[in-house]
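Trainee: Compute the structure for the input listed below.
(2 chains)
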Protein chains: 2
Amino acid sequence: MVGELPGMTLKAIGIVQNKVKQAPGSGYKWQKVVSKIVLDGSLTEALDNLDEFSHIIVLYWMHWSTEPTPIKVHPKGRAELPLVGVFASRSPNRPNPIGKTTVRLIRRRRNVLTVQGLDAIDGTPVIDVKPYIPSSDSVENANMPSWITKH
Amino acid sequence: MVGELPGMTLKAIGIVQNKVKQAPGSGYKWQKVVSKIVLDGSLTEALDNLDEFSHIIVLYWMHWSTEPTPIKVHPKGRAELPLVGVFASRSPNRPNPIGKTTVRLIRRRRNVLTVQGLDAIDGTPVIDVKPYIPSSDSVENANMPSWITKH
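Mentor: Below you'll find the model as predicted:
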C-alpha cells in the first residue's frame, strides 16, 4: 500500500527566511525566532484576510532531514528518553518529512508573512499555511505520557 | 519560486476507512465519525507508544479536491460569508491539498488506528500521524475574525 500515488507531489508555495542557517541542537529556543515566509508572488491575494487571525498553522518540508527514516527514535534525540515509534515523536526524520507548527502571525505585507516561533531553518520550503482555529485545532484535557514533557 | 522541488513527493503511509463514501456538504457532523487508519504493515512498529497520547494530528491528502485552486473562496462554500484568500480558509481546494485534523485516538491495534473526528472520506491517503502536544499545538487567547464562527 505504501507508495507514491499519482499527483501526490508537492509544490513549494514559499520559502522561510531567518537567521538559523543550520539545524540547531535539541533545546534550541525556537519560540523567540522571528521568520519571514516569502510566498510566490502569484499567491499574494490568496493571503488576503489571513492577518485577521493572530495565529496560523504552517506546514513545511523538513529538507534538512536526509537520513534513512528509523522505525524507532529517542524523542528529541535524547538517549535518556524511551525509544518510541517514530509516529509517537515529532522527529523530522519520518516517512514524509512534513513539519506542522502553530506560530504567531506578527504581520502580513503583500506576499510576505512575518511570524514568531517557526522551528524551521532558513531556506525551508513552505507547503501550506492555514488559519489557527481553536475550536478544532486545540483540545482540552488531552493526555500524554510523562516523557514528552521532560526538559 | 513555486515549483516542484526534488524529493517533494509524498508516500501514502496508510488509508482512511469509514462510512463516508463521498464528500458531504458543509455542516456535516464529522465530530461523531469513527474512522480506521490502516497503515502499511511495514510501519506497524513505528506506531508503538502513540497510544500513550489521547489525541493525535493526522495529515492526509484531500484527493477529492480536483478543481483548479481558486485564489479566493467563500469559507465552507457559503456565499453569505466574505470572500477571503484561500490561505485564510480551511478549504480542501488549495495549492497543496493537505488536510490537518486533530482527532481522538480511541485505540491502536497493530497497524490500525481507530480515531474519532477525522474529516476525511473513505479511501483518503494518510501521509503522517503525530502526537498532539498541547504546549506547542494549542494557543491560549488566539484571535480570529467573527465570520469563522458563524454557524
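Trainee: CA-only coordinates of the longest strand seen in chain A, as PDB, when you get a sec.
Mentor: When chain A is parsed with DSSP state E, its longest strand is strand A:98-109. Taking Å, rounded to 0.1, in the frame of the first residue of the first chain, the C-alpha atoms of strand A:98-109 are listed here in PDB:
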ATOM      1  CA  ILE A  98       6.300  17.400   6.800                       C
ATOM      2  CA  GLY A  99       6.600  19.800   9.800                       C
ATOM      3  CA  LYS A 100       3.500  21.300  11.300                       C
ATOM      4  CA  THR A 101       3.900  24.300  13.600                       C
ATOM      5  CA  THR A 102       1.500  26.800  15.100                       C
ATOM      6  CA  VAL A 103       3.000  30.300  15.100                       C
ATOM      7  CA  ARG A 104       2.100  33.800  15.900                       C
ATOM      8  CA  LEU A 105       1.400  36.000  12.900                       C
ATOM      9  CA  ILE A 106       3.100  39.300  13.500                       C
ATOM     10  CA  ARG A 107       2.200  40.900  10.200                       C
ATOM     11  CA  ARG A 108       1.500  40.300   6.600                       C
ATOM     12  CA  ARG A 109       2.800  42.700   3.900                       C
END
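Trainee: Which strands or helices does that strand pack on?
Mentor: Strand A:98-109 is packed against strand A:55-61, strand A:112-116, strand B:55-61, strand B:125-131, helix B:134-137, with contacts defined by 3 or more Cβ pairs under 8 Å, 6 or more residues apart in numbering or on different chains; DSSP states H and E. Where you see a C-beta, it was placed from the backbone N, CA and C, and this is true even at glycine.
Trainee: Would you give the sheet partners of the helix or strand that comes right after the third one, along with the direction of each?
Mentor: Going back to what we said before, that points to strand B:55-61. Using DSSP states H and E, the helix or strand that follows strand B:55-61 in sequence is strand B:72-73. When sheet partners are counted by DSSP bridges, strand B:72-73 sits next to strand B:84-85 (antiparallel).
Trainee: Residues touching the strand it pairs with, excluding its own?
Mentor: Strand B:84-85 is touched from outside by A:E45, A:A46, A:L47, A:D48, A:N49, A:L50, B:I71, B:K72, B:V73, B:H74, B:P75, B:W147, with contacts defined as Cβ atoms under 8 Å, 6 or more residues apart in numbering or on different chains.
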